[in-house]
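**Student:** Turn this into a structure:
(one chain, ligands or ions: 2)
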Amino acid sequence: MNMQPKTLLQKENNFSVWYNEILKRAEILDVRYPVKGVYVWYPYGYKLRNLIYAILRSLMDKEHEETLFPLLIPKEELMKEREHIKGFEEEVFWVTKGGSTELDIPLALRPTSETAIYPVFKVWIRSHRDLPLRIYQIVNTFRYETRHTRPLIRLREITSFKEAHTAHANRADAEEQVKKAVALYKSFFDELAIPYVITRRPEWDKFPGAEYSIAFDTLMPDGKAMQIATIHLLGESFARTFDIKYEDKDGSLKYVNQTCYGISERCVAAVIAVHGDDHGLILPPGVAPIQVVIVPIVYSSGGKNGEVEKVCFAMYETLKKAGIRVFFDNSGDRPGAKYYRWEMKGVPLRIEIGPRDMRSNSCEFVRRDDGSRTQVPLVDVVSAVKRTLNEIQSCIAKRAKETFFANIYKSEEEPSTKAAHGIVSIFLCKSERCGREAEERFGISVLGEAIYEDEDARGRKNEGTCMICSRKAKRVYVARAY
Ligand code: P5A
Ligand code: ZN
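**Tutor:** Ligands and ions are numbered 1, 2, ... in the order given. Next up is the predicted model:
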């Protein structure tokens, strides 16, 4: 029986080895599929993914309707929006044959669905009464990424692309929607206990076809930033291209004003990377497929063990009835092997019951996040579990936030040393020349102009001179980035 870890996992020292090992050992994703940038969800990983997306769905469903558009986009539609296709043409997978017959019209696998959805918006939207229109879908999209592909992070098949598309009567309404989308994504990442900075992307690196783009970035354990969400104000550009007009109250025909915003399974990568430790995953209770595992402490079969198992099973039933996602591990493995497995899978709380606990009518709680042990009377188990899961959720969030903000720096000089690990705000003007120059010189990416929200940040000096050209500049966040 092989129950000891093969190699020690070291998240801080070698994040990329840690990450790949965790995906395998915790059974999140199988990377052995023989297509580059394309992976298989294990059942456990898929459960985690679904719990995370259930939160996203419930937030979206308040003001959006879920739909499903086709995967295939006719070449003609995809090519219509000039800016958009300029940004995407090198990333598109094409379907050009049906069997051995050349297709008359080549079909693209959606890299994102603007050009699939907006021709339909044209026929759906007639009058001001049809606005605002707010839809979303959770689908797979395909991007022929040429940079180094990585499970959950840089995929050629994004399996869990949540894209929202909205249309409004005027620009003010569309801008209001951008704000709402920012608030919605904040709630989402707050529930996952994922810290973030929000930036306005530089003009020269915004979403193709957008007027401006806003991004959420988090920080990975190797000190690199990862973009986990974007929100785009599209204005009238797509409406003009796809001729999406509505009849206003006064009878005049007007173009709609649009927004779109998206999230991919990078949010799952963030949960794994931000919270985990050298023993494996640490899952926020809100999204843990198993929130509590019950482990009977029995070393030989027969005799008293029957009673321990009986108590364990009764507890399992009680917790399940109380709505807790609980698992009773009565497998034949030794307790040590069980600890290893469930720690690896990030189960927030383990309850151990042995003969000694039985005598005192109690059990032992072991927290995954800090390893602490508490003796709990059997009669209090349900309320103690609920309380402990809440505590774990807030401790995880607090720890993640502390780590995150300890790695955000303000720099008046060149950012290369600090940006080796973390996000640095520097003064940089808006020009593409200076942006690219800084990226080149310091080996970083420009995330964008800092959108300060918190009290502490508001006090910071936000105006200065560009570190490349010395012209007037604002603070922008830069970092090495995924
Ligand atoms: C918004 C939704 C869009 O595609 N169209 C509809 C807009 N924006 S985006 O910035 O290009 O993508 C949204 C988010 O998806 C993630 N992402 C990826 N995740 C995994 N693998 C990829 N190859 C990949 N490309 C983009 C990013 O988090 C991005 O912010
Ligand atoms: Zn400059």
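**Student:** Tell me the secondary structure of the residue nearest to the spatial centre of the chain, please.
**Tutor:** The C-alpha lying nearest the average C-alpha coordinate of the chain belongs to Cys267 (C-alpha atoms, centre = their mean; 1.1 Å). Of the three states, Cys267 takes helix under DSSP: H, G, I helix; E, B strand; the rest coil.
**Student:** wait, it sits on Ile228?
**Tutor:** Yes - counting by C-beta atoms under 8 Å, Ile228 is a contact partner of Cys267 at 5.8 Å. To be clear about C-beta, it is placed using only N, CA and C from the backbone, and glycine gets the same treatment.
**Student:** Now do the shared contacts for these two.
**Tutor:** 189, 194 (C-beta atoms under 8 Å, 6 or more residues apart in numbering).
**Student:** Next, the contact list for the residue nearest to the centre of the chain, please.
**Tutor:** The contact partners of Cys267, taken as C-beta under 8 Å, 6+ apart, are 52, 56, 188-189, 192, 194, 228-229.
**Student:** Spell out which parts of the stretch 351-482 of the chain neighbour ligand 1.
**Tutor:** By the rule C-beta under 6 Å from any ligand atom, no part of the stretch 351-482 of the chain lies against ligand 1.
**Student:** Just the helices from the stretch 351-482 of the chain, written as ranges.
**Tutor:** With DSSP state H, counting those that start in this stretch as the criterion, the stretch 351-482 of the chain has helices at 355-359, 381-405, 432-442, 455-458.
**Student:** what do you get for the stretch 151-300 of the chain?
**Tutor:** Ranges of helices in the stretch 151-300 of the chain, per DSSP H, counting those that start in this stretch, are 171-191, 237-242, 266-275.
**Student:** Give me the residue ranges of the stretch 351-482 of the chain where confidence is low.
**Tutor:** 412-419, 452-461 (pLDDT under 70).
**Student:** Which among the helices of the stretch 151-300 of the chain is found nearest to Ala397?
**Tutor:** Closest approach to Ala397 among the helices of the stretch 151-300 of the chain (C-beta to C-beta): helix 171-191, 7.7 Å.
**Student:** For the stretch 51-200 of the chain, what lies in contact range of ligand 1?
**Tutor:** Counting by C-beta under 6 Å from any ligand atom, the stretch 51-200 of the chain sits next to ligand 1 at 112, 143, 145, 154-155, 158, 163.
**Student:** Put together TSV for the residues you listed, with pLDDT and neighbour count on each row.
**Tutor:** As requested, those are arranged in TSV below (pLDDT from 0 to 100; neighbours: other C-beta atoms under 10 Å):
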residue	pLDDT	neighbour count
Thr112	98	25
Arg143	98	22
Glu145	97	16
Arg154	98	19
Leu155	98	24
Ile158	98	24
Glu163	98	22
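**Student:** Residue of the protein closest to ligand 1, please.
**Tutor:** Gly262 (2.7 Å; C-beta to the nearest ligand atom).
**Student:** Wait, that residue touches Thr112, no?
**Tutor:** Yes - using C-beta under 8 Å, Gly262 is in contact with Thr112, at 7.1 Å.
**Student:** Mutual contacts of the two, please.
**Tutor:** Listed as contacting both Gly262 and Thr112 by C-beta under 8 Å, 6+ apart are 161, 163.
**Student:** what about Arg350, is that helix, strand or coil?
**Tutor:** Per three-state DSSP, Arg350 ends up strand.
**Student:** ok, how many other residues are close to it?
**Tutor:** For Arg350, the tally of surrounding residues (other C-beta atoms under 10 Å) stands at 20.
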